[in-house]
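Enquirer: The sequence isn't on hand, but the structure is:
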C-alpha cells in the first residue's frame, strides 16, 4: 500500500474558543484517514488543546514578537490530549488499535532570523519544553499490550540556555541526549 492509497474525507470538525487573557482552546473531532479498500481499518481521532501566549502579557499574534539580537522570537504554550482509533500496516497484516496522547507544559518557539549571523536568514520552529506521553491502549494483531514490555513512551523536552535536551522514558529505562 502506497501513500497514494491513503484516504482522508475531511469529515472532521475544528472548534476554536477564546478563553480570555490571550488563551484559546482548540478542539478537533473526527479526524479520519484510511487505506482505499480497507475502510474498516481507519484512524478516527479527537483532540482538545489549549494554546496560550508564551509570556503573561503577550498575545498569540505572530506580529507581536520579542526581539533578541535582531531576530524575532515568538513563544507559544500548549497543553492537551488526543485519542482515537488508528491502524497499522505490515507487509502481511492490516489491523486496528487505539492510541492516547497527552502533552503537558509544552512550549513551541518560532524564530525569524533577520540578521546574517552564521545561522543565516529564514523562519525556524522548534519544541523547547514539555512532556509528551503516547500509549497504545488496545491489542493490535500480534502486539499484545499485556505481554509487551511497555505500551507507553514518554518524551521530556528541556531547553537550558541554547541546549535542547530530550529524555525518552520507556519500559523503566531513560534515554537522554
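Expert: Everything's here; your move. The model shown is predicted, which means the values in this text are computed figures rather than measured ones.
Enquirer: the strands in this structure, which residues?
Expert: Secondary structure of the chain by DSSP state E: the strands cover 6-7, 13-20, 23-35, 42-53, 66-68, 71-89, 94-113, 122-136, 152-160, 163-170, 173-176.
Enquirer: Serialize those to a markdown table and add fields for mean pLDDT.
Expert: Listed next are those as a markdown table, based on pLDDT from 0 to 100:
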| stretch | mean pLDDT |
| --- | --- |
| strand 6-7 | 47 |
| strand 13-20 | 79 |
| strand 23-35 | 78 |
| strand 42-53 | 85 |
| strand 66-68 | 54 |
| strand 71-89 | 84 |
| strand 94-113 | 85 |
| strand 122-136 | 86 |
| strand 152-160 | 93 |
| strand 163-170 | 93 |
| strand 173-176 | 93 |
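Enquirer: Now tabulate these in TSV and tack on mean neighbour count.
Expert: Placement of C-beta: from N, CA and C, glycine included. Putting these into TSV (neighbours: other CB atoms under 10 Å) gives the following:
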stretch	mean neighbour count
strand 6-7	13
strand 13-20	10
strand 23-35	16
strand 42-53	18
strand 66-68	10
strand 71-89	17
strand 94-113	17
strand 122-136	15
strand 152-160	15
strand 163-170	13
strand 173-176	10
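Enquirer: Mind putting those into CSV with distance to residue 59?
Expert: What follows is those, written out as CSV (distance: least, CB to CB, whole Å):
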stretch, distance to residue 59
strand 6-7, 37
strand 13-20, 12
strand 23-35, 10
strand 42-53, 6
strand 66-68, 11
strand 71-89, 10
strand 94-113, 14
strand 122-136, 18
strand 152-160, 22
strand 163-170, 25
strand 173-176, 35
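Enquirer: Any chance of the backbone angles for the nearest residue to residue 172 once chain neighbours are set aside?
Expert: What sits nearest to residue 172 in space, not counting adjacent residues and going by CB to CB, 6 or more residues apart in numbering, is residue 150, at 7.6 Å. Here the main-chain torsion angles of residue 150 (degrees, to the nearest 10) amount to phi -160, psi 130.
Enquirer: Kindly state the pLDDT recorded for residue 150?
Expert: You'll see residue 150 listed with a pLDDT of 80.
Enquirer: That one: what's it in contact with?
Expert: Residue 150 makes contacts with 170-172, as judged by CB atoms under 8 Å, 6 or more residues apart in numbering.
Enquirer: Residue 76 too?
Expert: Contacts of residue 76 by CB under 8 Å, 6+ apart are 51-54, 60, 107-110.
Enquirer: if you set the cut-off to 7 Å instead, what comes out?
Expert: Listed by CB atoms under 7 Å, 6 or more residues apart in numbering, the contact partners of residue 76 are 51, 53-54, 60, 108.
Enquirer: how close does it sit to residue 106?
Expert: The span separating residue 76 from residue 106 equals 8 Å under the rule CB to CB, to the nearest Å.
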